[in-house]
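J.: Turn this into a structure:
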Amino acid sequence: MKCLFALLLALVASQSFAQERGSGDSSQAGRDGTRPWSAAPWNHKRCAVVLTYDDAIDNHLDKVLPELDSAGLTATFYLIGASPAVSRRIGDWRKAAARGNELGNHSLFHPCDGSLPGRGWVTGDHDLSRYTVRRAVDEIRANNELLSAIDGRSVRTFAFPCGDLRIRDTLFYDSLKNDFVGARGTNSGQETAGRIDLSNIRCYGINGQNGDYMIGLVKQAMDSGALVVFLFHGVGGGHNINVALEEHRRLIGYLKEHEKDIWVAPMVDVAEYIRGQRVYR
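T.: Numbering: from 1, shown residues only. Just a heads-up that it's a prediction; the model follows:
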């Protein structure tokens with residue numbers, strides 16, 4: 001932990017650029033995800049797709065990014081600050097961000113609620129059920145500082161580790177709504193823009209499904225004018241939650257082939273777009 005924070009401070013001190021997205025207005029309409037939607041389409045396209053990759057693993061840099069770059073597409077990579085693939089490959093993540101990808105916040109240590117059924121693998125040190133809200137918020141904000149030192153940006157989105165929203169009876173993200181423009185959960189589903197809760201954006205977790213399944217979800221989104229978010233971990237290996245590289249490649253190929261109808265963008269861009277389009281009645 002001390003080494004990690006020393007790295008964070010060194011990165012902040014040596015940050016070599018200040019590339020930054022528009023900061024947005026934290027008081028903007030639609031912060032709670034429940035405001036009405038203006039009739040604007042998805043950036044003038046039929047639907048929106050966000051590709052998200054969790055946990056900061058080497059395969060994201062070695063296998064996913066080359067595929068995205070080849071297709072001219074961008075995505076969101078939700079980084080765990082303590083992941084070795086972050087500290088060892090800061091330059092690679094910086095290059096990924098410079099090419100338009102979002103480095104999202106997936107917490108500093110990926111704490112999950114060990115009190116839930118089937119969570120025997122959760123370690124005591126990073127058991128969210130033993131955290132205070134203050135500790136969770138402090139660690140997430142520390143990860144924001146680390147990410148900012150890498151990409152120079154101050155606006156990004158958050159992804160709940162394990163999809164856990166609460167520390168005992170408290171929704172801890174309530175203390176972080178001014179730190180992010182949106183947060184991705186793990187509940188499945190796709191929704192039109194006016195119904196999206198920016199504090200818990202729905203997604204489809206991919207673990208072994210084939211390209212037909214993923215492409216089918218995109219087709220549904222085009223038919224209904226919805227947002228579809230994919231949650232990947234391993235791609236072609238690197239994680240026990242995995243999708244075959246060829247099946248992932250089929251999805252990327254379909255998105256590229258139909259880019260006139262599909263807006264593919266990082267989560268931060270889509271969340272900011274939704275907030276900007278919402279209006280008060």
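J.: what about the strands in the protein?
T.: For the chain, strands defined by DSSP state E occupy the ranges 47-54, 76-79, 102-105, 158-159, 166-167, 170-171, 183-184, 191-192, 204-205, 226-232, 234-235, 242-243, 262-264.
J.: For this protein, which element, helix or strand, carries the lowest mean pLDDT?
T.: helix 2-14 (a mean of 53; mean pLDDT, DSSP states H and E).
J.: Can you list the low-confidence ranges for this structure?
T.: Counting by pLDDT under 70, the chain shows low-confidence ranges at 1-40, 279-281.
J.: mind running it again at 80?
T.: Of all residues in the chain, those with pLDDT under 80 make up the ranges 1-41, 278-281.
J.: how far out from the middle of the chain is the lengthiest helix in it?
T.: For the chain, the helix reaching the highest residue count under DSSP state H is reported as helix 133-151. The gap between where helix 133-151 is centred and where its chain is centred comes out at 15 Å by Cα atoms, centre = their mean, to the nearest Å.
J.: buried sites along it?
T.: 133, 136-137, 139-140, 142-144, 146-151 (16 or more other Cβ atoms under 10 Å). Bear in mind the C-beta positions are built from the backbone N, C-alpha and C, glycine included.
J.: and Leu176, what does it touch?
T.: Val137, Ile140, Arg141, Phe158, Ala183 (Cβ atoms under 8 Å, 6 or more residues apart in numbering).
J.: Closest one to Ile262 out of those residues, please.
T.: Ile262 has its nearest neighbour among the contacts of Leu176 in Ala183, at 23.1 Å by Cβ to Cβ.
J.: Pretty sure the closest one sits against Leu198.
T.: Yes - using Cβ atoms under 8 Å, Ala183 makes contact with Leu198 at a distance of 7.2 Å.
J.: hey, where'd the helices end up in this structure?
T.: 2-14, 58-59, 65-71, 84-87, 90-98, 133-151, 211-224, 245-257, 267-277.
J.: what about the fifth one, distance to the chain center?
T.: If I follow you right, that is helix 90-98. Its chain's C-alpha centre and that of helix 90-98 lie 16 Å apart, by Cα atoms, centre = their mean.
J.: Next: stretch 78-88.
T.: Its chain's C-alpha centre and that of stretch 78-88 lie 14 Å apart, by Cα atoms, centre = their mean.
J.: cool, stretch 157-169 as well?
T.: 13 Å.
J.: Contacts made by that stretch with the rest, please.
T.: Under Cβ under 8 Å, 6+ apart, the answer for stretch 157-169 is 52, 54, 76, 78, 80, 102, 104-107, 110-113, 116, 119, 128-129, 131-133, 136, 140, 171-173, 176, 179-187, 200, 267-268, 271.
J.: Can you measure across that stretch, start residue to end residue?
T.: End-to-end span of stretch 157-169 (Cα to Cα, to the nearest Å): 23 Å.
J.: And stretch 257-272, by the same measure?
T.: 25 Å.
J.: Give me the residues contacting that stretch.
T.: 21-22, 24, 42-43, 45-52, 73-76, 100-102, 104, 155-157, 181-182, 184, 198, 201, 218, 221-222, 227, 229, 255, 273.
J.: run the last query once more with 6 Å
T.: With contact meaning Cβ atoms under 6 Å, 6 or more residues apart in numbering, stretch 257-272 is reached by 24, 42-43, 45-50, 73-74, 76, 102, 156-157, 181-182, 198, 222, 255.
J.: Please pick the buried ones from these.
T.: 42, 45-50, 73-74, 76, 102, 156-157, 181-182, 198, 222, 255.
J.: related to what we said a few turns ago, only the buried members of the contacts of stretch 157-169: can you turn that into a PyMOL selection?
T.: To isolate in PyMOL the members of the contacts of stretch 157-169 that are buried, counting by 16+ other Cβ under 10 Å, one can use:
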select buried, resi 52+54+76+78+80+102+104+105+106+107+110+111+112+113+128+129+131+133+136+140+172+173+176+179+180+181+182+183+184+185+186+200+267+268+271
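J.: what bridges to the closest residue to Gln209 other than its chain neighbours?
T.: Excluding its sequence neighbours, the residue lying closest to Gln209 (Cβ to Cβ, 6 or more residues apart in numbering) is Val243, at 6.9 Å. In this structure, Val243 bridges to Val235 when assessed by DSSP bridges.
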